[in-house]
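Colleague: have a look at this fold, sequence not included:
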């Protein structure tokens, strides 16, 4: 704020002041600053980034996408902006479009775990489980990876997509290391196979659930019923 008072016409200081306003929740003021800067210089990419974030926060998704895409054409491979575009397209249900921007974010910074996680989630939505596993391998914790695959499998099973659900549970087993979590996944696999009529496989996975965690009461009850 002191810098802005000293240099009221400096566009770099002004855009940072706009970012400050946005962080304070003064969205209308931040938008006015961004629009004024863009009016003065139509290629002011930093002001476009600010405007895109502000109007996104206001729920104007289509307009935000339009502004951020224009900024991306002027200055490609900005990781933060690419992730924003991916998030916006995902909100619109455009999984493929979101994956394109998330992929670009990973290319711009291969060490960005957030970009890899976001791309992994879109791959999971598209049914590309193997790609999701690879992206999650170094971007999220074991517990989170298991949770992601397990929850996706639960949804698939509820929707009657049993084969896809089993594939996702199998993916969870590849990610899991602790015996307690292995027990949970094997128990869920047991239920999924039972619904498909695979009685032997169902019993096999339930036995493994008990083996990995003898205190798994649900698995122990199923074990008695299956005998």
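Modeller: Great, that's in hand. Because the structure is a prediction, the values reported are computed rather than measured. Residues are numbered from 1 along each chain as shown.

Colleague: when you work out contacts or count neighbours from here on, use the C-alpha atoms and nothing else.
Modeller: Fine.

Colleague: can you show me the helices along the chain?
Modeller: Under the criterion DSSP state H, helices of the chain are mapped to 2-6, 11-24, 27-40, 45-57, 61-74, 79-91, 95-108, 113-125, 129-137, 142-158, 162-175, 179-195, 199-212, 217-226.

Colleague: nearest spatial neighbour of residue 15, skipping sequence neighbours?
Modeller: Residue nearest to residue 15 in three dimensions, not counting chain neighbours: residue 47, with 6.0 Å by Cα to Cα, 6 or more residues apart in numbering.

Colleague: right, and the one you found touches residue 39 too?
Modeller: No - applying Cα atoms under 8 Å as the test, residue 47 and residue 39 come out as separate, 10.0 Å apart.

Colleague: these two - which one has more neighbours?
Modeller: residue 47 (29 against 11; other Cα atoms under 10 Å).

Colleague: mind checking pLDDT for the more buried one?
Modeller: In this model, residue 47 is scored at 96, pLDDT.

Colleague: measure it to residue 79 for me?
Modeller: 16 Å (Cα to Cα, to the nearest Å).

Colleague: got it, and residue 199?
Modeller: 49 Å.

Colleague: then residue 173?
Modeller: Relative to residue 79, residue 173 is positioned 32 Å away (Cα to Cα).

Colleague: how about residue 179?
Modeller: 37 Å.

Colleague: and the two? which has more neighbours close in?
Modeller: residue 79 (19 against 13).

Colleague: list the contacts of the nearest residue to the more buried one once chain neighbours are set aside.
Modeller: Residue nearest to residue 79 in three dimensions, not counting chain neighbours: residue 105, with 4.8 Å by Cα to Cα, 6+ apart. Listed by Cα atoms under 8 Å, 6 or more residues apart in numbering, the contact partners of residue 105 are 77, 78, 79, 80, 82, 83, 115.

Colleague: out of these, which comes closest to residue 123?
Modeller: residue 115 (12.3 Å; Cα to Cα).

Colleague: would you agree the closest one is in contact with residue 106?
Modeller: Yes - between residue 115 and residue 106 there is a contact under Cα under 8 Å: 5.6 Å.

Colleague: these two: which is more packed in?
Modeller: Ranked by neighbour count (other Cα under 10 Å), residue 115 and residue 106 place residue 115 first, with 27 against 23.
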